[in-house]
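Give the three-dimensional model of this entry:
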Amino acid sequence: MSISAFKHPLGKDQLNWFYALVALFAVFLGWGMLNGMVFMAGLPIVFFVLLMMIFRLDSIIFFSVLITPFSINLAHTSIGIGVSLPSEPLMFALFIIFWLKVFLDGGLDKRILRHPVTIIILLHLLWYTITTFTSTMPMVSVKSTLARYCYISVFYFMLLYLFSKKENLSKFIWYYTIPLLIIISYTITQHAFGGFSEEVAHTAMVPFYNDHTAYAAVICFFIPVMIAFVVDKDRTKKVRIFSGIVLAILILAVVLSYTRAAWVALIAAFCCYLVFILRVKSALIYSGFILLILLAFLFRTQITMQLESNDQVSSNDYASHVQSIGNISTDDSNIERLNRWACALRMFADKPIFGFGPGTYMFKYGPYQKYSERSAISTNFSEVGGSHSEYLGPMSEQGFMAPLFLFALIAVVAQSTSSYMKRTRNRSNVLLARGILLGLVTYWVHGVLNYFLDTEKASVPFWGFIAVLVALQIFDTDQKELKSGKNSTAQ
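Here you go, the predicted structure:
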């Protein structure tokens, strides 16, 4: 299947059929309105979307990106249905259309199919499917698995085809960033009415985001990308100035969100940026990471004692708020996070191979809590967040393979992107790839403390950013050949 499959210009015969269909629809709509069927007033929108899906599928894909920040999850309203409108129904329709096109057009592009990132993603989906069959709550797992298939199909595979045209890379970023700026404006306004207090900061973005952590995590994706746009001299002066303004707004929004995990994620991304600049070799990076884990394990008792002696709680004072990150004795947010992690580990110990099934953590973790580990905000269901970990939560739901696939994805994305940045002669592409990769780094770090990939808000930039990096590697023709032994050196 090629990019042409996303656009179908109308021939003369098709145009006649199109006019006839529009006329028939207009008559049907008029008849319905005259007979008091008021609900039919919304049918033109449905009709328009269906036509766009047939003739300009590329525009509908970008439209789905555009509306995602505005979507509202009905589970958190009086309706109580776990569906985000209008994004999720549209994503599901795109999911069906895409795989029909793949089937009818003879399969996926072999360049996409053979890429190591795609292979890891397909294995991830396969394991998701297997653990759905072994789930303790099959219907819950089917919904979770279907959502994951939709997100990856639309925002990895479909976007990859669109990204064969380089101008679509920037379109994707701006189609998400511009509406995000509107949400940020709304949030800051609500925050201002509440006196910029920390308490108001937690809910100012409702109903568009459930809480400040998800809101800040998404914003962090785009901060390194805006920096890349600002320093890219190949972009126009207007784009660079506008990107600088957007960057300032994004940074302000993260600061006002009072989200400690987001601040830590940005610091981690900056450290990774230094690794790129200093051209640290991959072997040294992996060795340092392993050494850090070993030191944490060897000195775990001393570290725990030090953290327990920290009694600084979250507050409006930013210095105190930062210090509260390590408070595991009196800060309810941190205590509850540890409680959820402990539950995930106990659940994993009970079902280490297949887990309890995708999406089941929130329904199953209650009995695994210990009274001594509960906080003042503990409940038997995840009203205050889920597993609080992109690694431990899936491990409890899908067994030991779940975090392994995520670690493999991180390693392959980072390594292949680093190798690409050495190959390409295009400086603008290097800056974009670096900005996108560092945006992903913010989420990979944030994922230690929170879990958002079960929502479309985080899934769109997460899978979309990975698609950008893979597209650059596949479709960039301005690459030089390197000896195989040198490709593993980090940029």
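
since we're on residue 293, how many residues are nearby?
10 (other Cβ atoms under 10 Å). Quick note: C-beta positions are derived from backbone N, CA and C, even for glycine.

so where's the stretch 201-350 of the chain uncertain?
282, 286, 289, 295-331 (pLDDT under 70).

rerun that using 80 as the cut-off
In the predicted model of the stretch 201-350 of the chain, residues 278-334 satisfy pLDDT under 80.

again, but for the stretch 1-150 of the chain
1-57, 74-83, 105-107.

Give me the neighbour count for residue 189.
By other Cβ under 10 Å, 10 other residues sit near residue 189.

how does this structure divide up, domain by domain?
4-102, 110-491 (automatic domain parsing).

Of those, flag the one that's most buried.
domain 110-491 (a mean of 18; mean count of other Cβ atoms under 10 Å).

Quick check, pLDDT for the residue lying closest to residue 163 once chain neighbours are set aside.
Leaving out its chain neighbours, the residue that sits closest to residue 163 by Cβ to Cβ, 6 or more residues apart in numbering is residue 471, at 3.4 Å. The model reports residue 471 with a pLDDT of 95.

Off-centre distance for the helix or strand where residue 471 lies?
Element membership for residue 471, per DSSP states H and E: helix 456-475. Its chain's C-alpha centre and that of helix 456-475 lie 9 Å apart, by Cα atoms, centre = their mean, to the nearest Å.

do the same with stretch 172-180
Per Cα atoms, centre = their mean, the centroid offset for stretch 172-180 relative to its chain is 14 Å.

Now do the strands in the protein.
With DSSP state E as the criterion, the chain has strands at 72-73, 84-85.

packing partners for the first one?
So that's strand 72-73. If you count contacts as 3 or more Cβ pairs under 8 Å, 6 or more residues apart in numbering; DSSP states H and E, strand 72-73 packs onto strand 84-85.

Tell me which other helices or strands the strand it packs on touches.
Counting by 3+ Cβ pairs under 8 Å, 6+ apart, strand 84-85 packs on strand 72-73.

what comes into contact with the strand it packs on?
Here strand 72-73 makes contact (Cβ atoms under 8 Å, 6 or more residues apart in numbering) with 82, 83, 84, 85, 207, 208, 210, 455.

any idea how far residue 139 is from the closest residue to residue 134 other than its chain neighbours?
Nearest in space to residue 134, with sequence neighbours left out and distances taken as Cβ to Cβ, 6+ apart, is residue 354 at 4.2 Å. From residue 354 over to residue 139 the distance is 17 Å, taken as Cβ to Cβ, to the nearest Å.

do residue 393 as well
For residue 393, the distance to residue 139 - Cβ to Cβ - is 19 Å.

likewise residue 442?
According to Cβ to Cβ, residue 442 stands 34 Å off from residue 139.

Repeat that for residue 388.
For residue 388 relative to residue 139 (Cβ to Cβ), the value is 24 Å.

okay, the angle between the longest helix along the chain and helix 456-475?
Counting by DSSP state H, the longest helix found in the chain is helix 167-193. Helix 167-193 and helix 456-475 are oriented at 160 degrees to each other (axes from the mean of the first three to the mean of the last three Cα atoms, to 10 degrees).

State the mean pLDDT of helix 167-193.
Regarding helix 167-193, the rounded mean pLDDT is 94.

which secondary structure elements does that helix contact?
helix 57-67, helix 159-162, helix 198-201, helix 212-231, helix 237-256, helix 456-475.

coming back round to it: how big is the angle separating the helix holding residue 471 from helix 57-67?
Going by the same axes, to 10 degrees, helix 456-475 makes 140 degrees with helix 57-67.

May I have helix 456-475 as PDB, with CA atoms only?
The C-alpha trace of helix 456-475 is given here as PDB (Å, rounded to 0.1, in the frame of the first residue of the first chain):
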ATOM      1  CA  GLU A 456      -5.600   8.600  23.400                       C
ATOM      2  CA  LYS A 457      -4.100  11.900  24.800                       C
ATOM      3  CA  ALA A 458      -0.700  10.300  25.400                       C
ATOM      4  CA  SER A 459      -0.900   7.600  22.800                       C
ATOM      5  CA  VAL A 460      -1.100  10.000  19.800                       C
ATOM      6  CA  PRO A 461       2.200  11.800  20.500                       C
ATOM      7  CA  PHE A 462       3.900   8.600  21.800                       C
ATOM      8  CA  TRP A 463       3.200   6.400  18.700                       C
ATOM      9  CA  GLY A 464       3.300   9.400  16.400                       C
ATOM     10  CA  PHE A 465       6.700  10.400  17.600                       C
ATOM     11  CA  ILE A 466       8.000   6.900  17.000                       C
ATOM     12  CA  ALA A 467       6.500   6.900  13.600                       C
ATOM     13  CA  VAL A 468       8.300  10.200  12.800                       C
ATOM     14  CA  LEU A 469      11.700   8.600  13.700                       C
ATOM     15  CA  VAL A 470      11.000   5.400  11.700                       C
ATOM     16  CA  ALA A 471       9.800   7.500   8.700                       C
ATOM     17  CA  LEU A 472      13.000   9.500   8.800                       C
ATOM     18  CA  GLN A 473      15.000   6.300   8.700                       C
ATOM     19  CA  ILE A 474      13.000   4.800   5.900                       C
ATOM     20  CA  PHE A 475      12.200   7.700   3.600                       C
END
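
Now for the spatially closest residue to residue 64 that is not a sequence neighbour: which residues touch it?
Using Cβ to Cβ, 6+ apart and skipping the chain neighbours, the partner closest in space to residue 64 is residue 90 (5.0 Å). Neighbour list for residue 90: 49, 60, 63, 64, 67 [criterion: Cβ under 8 Å, 6+ apart].
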